[in-house]
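Undergrad: quick one: sequence plus predicted model below, questions after.
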Amino acid sequence: MPHDRYFSEDDLTLGKKISLSGGEWHHLVHVMRKKEKECVEIVNGKGKLAKAVICSQSHKEVFLEIVNIQEQTTPTPPLYLAQSWIASAKIDWILEKGCEMGVSEFFFFSAEGSPPSPASEAKQTRMRTILISAMKQCGRLDLPKISIYQNLSAFAARKATFLFGDMREKAPFLQHYLDTHPLQHPPCFLVGPEKGFTAAEIQFLEEKLFSSGVRLHANILRSETAALMALSLLAHLLSQPCTPVPF
């Protein structure tokens, strides 16, 4: 874990002077106890890593000057996760671990079996804060996006290879399915609520999104377990240099 890495919304350019406040200021000054003239790393979630020197600090802000810039392109093809709303604590866990596994964008939607959407402004702010922390911890320089959809119909406008967790016995296992169905677009895995998708939702997924149902394990998995297992398998596939990914 990069111990001296902090997040800024600023565009990071060489020689620019920036300031940190709030949680980032508190962590730098009161947790890590950094002093003037010490160097720290700054990320903005847009592929840049800056080294900055602490110039001065006040009781609410710390001021820094950028002395070096490195840029990084996204190392793998896009990977999307579409997660129906479940308990908030589990959503937090999916965000953290999904960020570590390389998710490019998280979609949260209401399924028929979902609890009421907790997508308040405060909740969305917390979700983004969790992603920023996870991005810094795992060494990523790109911050995943979060999109909130009302229902499955909103996905019709997205260009992706849709796959969904399917508990029916006839559904093929994900690994076997991908052996015979190379990805034509970035994968988007849809995870239903604890009771799974309804028959009507499965019909919509198959007929409107041209989505394929796949199994992840012989056992029935909890929603958050299914999300992370699907991400693990897909991230491994996308990381293989010999895998044909034409997008």
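TA: Here it is on my side, so go on.
Undergrad: domain parsing for this structure?
TA: 5-71, 80-238 (automatic domain parsing).
Undergrad: let me see the mean pLDDT of the longest one.
TA: Per-residue pLDDT values across domain 80-238 average out to 93.
Undergrad: for that domain, measure first residue to last.
TA: 12 Å (CA to CA, to the nearest Å).
Undergrad: how far does that domain sit from the chain's center?
TA: Taking the mean of its C-alpha atoms, domain 80-238 sits 10 Å from the chain's own mean (CA atoms, centre = their mean, to the nearest Å).
Undergrad: quick one, helices of the chain?
TA: Using DSSP state H, the helices assigned to the chain run over residues 22-26, 88-100, 121-138, 174-180, 199-207, 223-238.
Undergrad: packing partners of the fourth one?
TA: Using 3 or more CB pairs under 8 Å, 6 or more residues apart in numbering; DSSP states H and E as the contact test, the elements touching helix 174-180 are strand 212-214, helix 223-238. The way it works is simple: take the backbone N, C-alpha and C, and place the C-beta from them, glycine included.
Undergrad: want to throw these into TSV with distance to Lys51 and mean neighbour count?
TA: Shown next, in TSV, are those (distance: least, CB to CB, whole Å; neighbours: other CB atoms under 10 Å):
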stretch	distance to Lys51	mean neighbour count
strand 212-214	44	19
helix 223-238	29	20
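Undergrad: re the thing from before, just the domains of the chain: most buried one?
TA: Most buried of these, by mean neighbour count (mean count of other CB atoms under 10 Å): domain 80-238, with a mean of 18.
Undergrad: my read is that Ala82 contacts Val191, right?
TA: Yes. When contacts are counted by CB atoms under 8 Å, Ala82 is listed as touching Val191 (6.9 Å).
Undergrad: so which of the helices of the chain comes closest to Thr74?
TA: Among these, helix 223-238 comes nearest to Thr74, with 11.0 Å by CB to CB.
Undergrad: hmm, Leu237 is touching Leu178, no?
TA: Yes. The pair Leu237 / Leu178 is scored as a contact, 6.3 Å apart, by CB under 8 Å.
Undergrad: between the helices of the chain, which one is closest to Ser110.
TA: With CB to CB as the measure, helix 199-207 is the member of those nearest Ser110 (10.9 Å).
Undergrad: of the helices and strands packed on helix 174-180, which is nearest Ile91?
TA: Among the helices and strands packed on helix 174-180, helix 223-238 sits nearest to Ile91 (CB to CB), with 8.2 Å.
Undergrad: quick check: bridge partners of the nearest residue to Lys35 once chain neighbours are set aside?
TA: Leaving aside its sequence neighbours, Lys35 sits nearest to Ile54 (CB to CB, 6 or more residues apart in numbering; 6.8 Å). Per DSSP bridges, the residues bridged to Ile54 are Leu64.
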